[in-house]
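Enquirer: Generate a structure from the sequence data that follows.
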Amino acid sequence: MNRQDLCNKLRNRTVVASISGGKDSTAMCLWFLEQGIPFERVHQLTGWDNPVTLDYLRGELARALGPITEIRGPRLMRDLILHKGMFPSRQIRFCTRELKIQPMQRYLRERDDDFVNAIGIRHDESRDRASALEWEWSETFDCEVWRPILSWTVDDVIAIHKRHNLRPNPLYLQGAERVGCWPCINSRKSEIRLLAVTDP
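Expert: Coordinates of the predicted model:
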């Protein structure tokens with residue numbers, strides 16, 4: 001989509017950017033700054049967030065991007081686990097539904113403006129994301145979802161951080177591959193090993 005078409009598509013609409021503190025959502029927001037696209041930033045607290053990520057979001061990222069709104073569900077991860085009597089798993093990912101999706105649904109439902117939800121994911125992250133579309137209507141969020149950096153590579157993501165003189169989340173520099181929940185239920189063995197070393 002060329003710049004004029006994009007401007008027409010976004011005219012009189014608010015871009016609500018989901019930001020995790022990870023490199024891809026940060027790269028997306030930095031690209032918005034470069035393109036002169038106004039946007040709001042929203043982070044979903046899970047109660048399973050690494051303090052390093054929260055410090056990064058509330059410090060360096062807020063200074064670079066602007067204020068970040070934090071939202072949360074009625075229960076955070078520990079209470080959710082106790083309430084369910086089990087940990088989430090790959091088959092039963094109630095954590096994503098109740099800690100990420102539902103709080104965002106409530107937040108967006110309360111808005112009375114015309115908006116799009118921007119998400120910083122890339123095709124080469126996973127098999128599931130390889131088939132994602134840049135623009136599509138989301139029944140889950142009852143709005144249009146925009147994924148502006150789908151075709152980017154990791155090198156593109158690193159390059160835009162460098163252009164803005166912004167270091168990535170420090171957890172990456174320690175060897176983490178994911179920086180959302182700490183640890184994520186989908187963590188690799190290498191990430192669990194890192195957790196044992198850095199955060200026993």
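
Enquirer: only C-alpha atoms for contact and neighbour calcs from this point on.
Expert: Fine.

Enquirer: mind listing the strands in the protein by residue range?
Expert: Assigned by DSSP state E, the strands in the chain fall at 14-18, 39-44, 68-71, 115-119, 135-138, 143-146.

Enquirer: Let's see the helix or strand of the chain with the lowest mean pLDDT as CSV, backbone CA atoms only.
Expert: Using mean pLDDT, DSSP states H and E, helix 127-130 stands out as the lowest-scoring helix or strand of the chain, at a mean of 78. Only the C-alpha atoms of helix 127-130 are listed here, as CSV (Å, rounded to 0.1, in the frame of the first residue of the first chain):
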residue,chain,number,x,y,z
ARG,A,127,4.4,-21.0,10.8
ASP,A,128,1.1,-19.5,12.1
ARG,A,129,2.2,-16.0,11.5
ALA,A,130,3.5,-16.8,8.0
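
Enquirer: picking that back up, kindly reformat the strands of the chain as JSON lines containing distance to residue 100, mean pLDDT and mean neighbour count.
Expert: Shown next, in JSON lines, are the strands of the chain (distance: least, Cα to Cα, whole Å; pLDDT from 0 to 100; neighbours: other Cα atoms under 10 Å):
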{"stretch": "strand 14-18", "distance to residue 100": "10", "mean pLDDT": "96", "mean neighbour count": "21"}
{"stretch": "strand 39-44", "distance to residue 100": "6", "mean pLDDT": "97", "mean neighbour count": "20"}
{"stretch": "strand 68-71", "distance to residue 100": "9", "mean pLDDT": "97", "mean neighbour count": "15"}
{"stretch": "strand 115-119", "distance to residue 100": "13", "mean pLDDT": "96", "mean neighbour count": "22"}
{"stretch": "strand 135-138", "distance to residue 100": "15", "mean pLDDT": "94", "mean neighbour count": "12"}
{"stretch": "strand 143-146", "distance to residue 100": "15", "mean pLDDT": "95", "mean neighbour count": "19"}
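
Enquirer: Same list, these, but as JSON lines with distance to residue 77 please.
Expert: Below are these laid out as JSON lines (distance: least, Cα to Cα, whole Å):
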{"stretch": "strand 14-18", "distance to residue 77": "19"}
{"stretch": "strand 39-44", "distance to residue 77": "12"}
{"stretch": "strand 68-71", "distance to residue 77": "14"}
{"stretch": "strand 115-119", "distance to residue 77": "22"}
{"stretch": "strand 135-138", "distance to residue 77": "25"}
{"stretch": "strand 143-146", "distance to residue 77": "26"}
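
Enquirer: Nice, that's everything, thank you.
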